[in-house]
Structures are given as C-alpha cells and as structure tokens.
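Colleague: no letters, just coordinates:
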C-alpha cells in the first residue's frame, strides 16, 4: 500500500479550478465590452418578428 | 434541432446538469455547469467529463462516437436553462481550436431553427454582434428572445 509520500502528485485540476479558470477567461474577455448589446439584440430581433 | 439526445437530470442548485454518454457498456458521465461571471446574468457554460477516478476534465476526448447526440443534449440543456432563467445570457467556447470551430459549424447548420426563439450572438473582438457563420468569434452567446 502506498503512503501519501509515495503517491505521484496529481496535477489535474479539480472541477472548481476548471470552472474558475473558465470564468476568469470570460471575465477578461468581457472587459470593456458593451454588454447592453446583449439584451438589445434579443429584444430587437423579437420586435422585428412581431 | 430534432437530433436524438440523451435524457438529462438537473441538480438541486439549478445550475448543474448531468447526463450519460453511452456506447455499449461504456458510460461517461457528462456534467454541464452554468456559472455566473462577474457580470449580472452573464453565465459561462462548461461541459465536463467525469473521469474514471471521479475527477473532472474539459480537455478529454470521450471518443464514444456520439458527438452529435452529446451536442444535441447540451443544446436541450441550454434551452432548459434559458427557460428557467430567461433574462440570462449564456457564453461558451470550445476548449480547443478544433472544438471551437466545430461549434461554429453546428450553430451555422442549425441557425435557422435555433434563432426562432433565441438570439444567437458572438463576441467578436470586444463587440457583441449577431452570429456570423463565416467569421470566427471569441465566444458564442445564446439568450432567449423576450
């Protein structure tokens, strides 16, 4: 039976680390982005249909 | 998108869905997570595989021969999430260049159907614009039309 010291370190990220990395990347991508365009498009497209 | 999809389940916190990708006796638990960014109602979508040791990965290739079924399931999950959270925007991208391009091809293929009830947008060099089939974007964005 291996002790903790003998086990190879596991460098694979945990779920939390994966998600944190993805969200950080999204936050960075959204810096200086005009987010008012988000809902504007969906509402404008909707208005076009009606 | 009338493609066959897997049944999925929703965890009690409402932002975690899971389903099983199956091929014969091989089963891989997939998890779809919606995580709010620092911007109100702007969510990141992550698709993760559960590895044999219980750890998660967004990089592995499942190689179960069911990519279209998996993507159809993720699509159904996004639709369900937006039904429950209809003022939210969902951002996602491929975990590598190949997957990112694949998502563009699939969105382009089903664009007409997708855009009936949803706005399909992209983040193009810091600008949010309607999705364009022939232009690469940094993120794909889906939101429900109100």
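Modeller: That came in fine, so what should we check first? All values reported here derive from a predicted model rather than from experimental measurement.
Colleague: wait, does the longest strand that chain B contains contact chain A?
Modeller: Counting by DSSP state E, the longest strand found in chain B is strand B:26-36. Yes. Using C-beta under 8 Å from any C-beta of the partner chain, strand B:26-36 comes into contact with chain A via B:31, B:33, B:35. For the C-beta atoms, the positions are set from N, CA and C on the backbone; glycine is no exception.
Colleague: could I get those residues as TSV with pLDDT and neighbour count?
Modeller: TSV is the format used below for these (pLDDT from 0 to 100; neighbours: other C-beta atoms under 10 Å in any protein chain shown):
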residue	pLDDT	neighbour count
B:31	92	17
B:33	94	23
B:35	94	15
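Colleague: closest one of these to chain A?
Modeller: Comparing those against chain A with C-beta to the nearest C-beta places residue B:35 closest, at 5.3 Å.
Colleague: who does that closest one bridge with?
Modeller: Assessed by DSSP bridges, residue B:35 has beta-bridge partners residue B:44.
Colleague: wait, it sits on residue B:43?
Modeller: Yes. Using C-beta atoms under 8 Å, residue B:35 makes contact with residue B:43 at a distance of 6.4 Å.
Colleague: mean confidence for stretch B:77-94?
Modeller: Mean pLDDT, stretch B:77-94: 95.
Colleague: how about the residues of chain B by chain A?
Modeller: B:31, B:33, B:35, B:37-39, B:42, B:44, B:46, B:48, B:51, B:55-58, B:87, B:89, B:91, B:115, B:118-119, B:121, B:123, B:126-130, B:138-139, B:141, B:143-146.
Colleague: who touches the strand or helix carrying residue B:79?
Modeller: Here residue B:79, judged by DSSP states H and E, is contained in helix B:67-84. The contact list for helix B:67-84, computed with C-beta atoms under 8 Å, 6 or more residues apart in numbering or on different chains, reads B:1, B:3-6, B:8, B:10, B:14-15, B:17, B:19, B:21, B:30, B:32, B:34, B:43, B:45, B:47, B:62, B:64, B:88, B:90, B:106, B:110, B:114, B:118, B:142-144.
Colleague: return the subset of those lying in helices.
Modeller: Among the contacts of helix B:67-84, DSSP state H puts B:106, B:114 in helices.
Colleague: of the contacts of helix B:67-84, buried ones?
Modeller: Buried subset of those (neighbour count, 16 or more other C-beta atoms under 10 Å in any protein chain shown): B:5-6, B:8, B:15, B:17, B:19, B:21, B:30, B:32, B:34, B:43, B:45, B:47, B:64, B:88, B:90, B:106, B:110, B:114, B:118, B:142-144.
Colleague: pretty sure residue B:41 contacts residue B:89?
Modeller: Yes. Applying C-beta under 8 Å, one finds residue B:41 in contact with residue B:89, separated by 6.5 Å.
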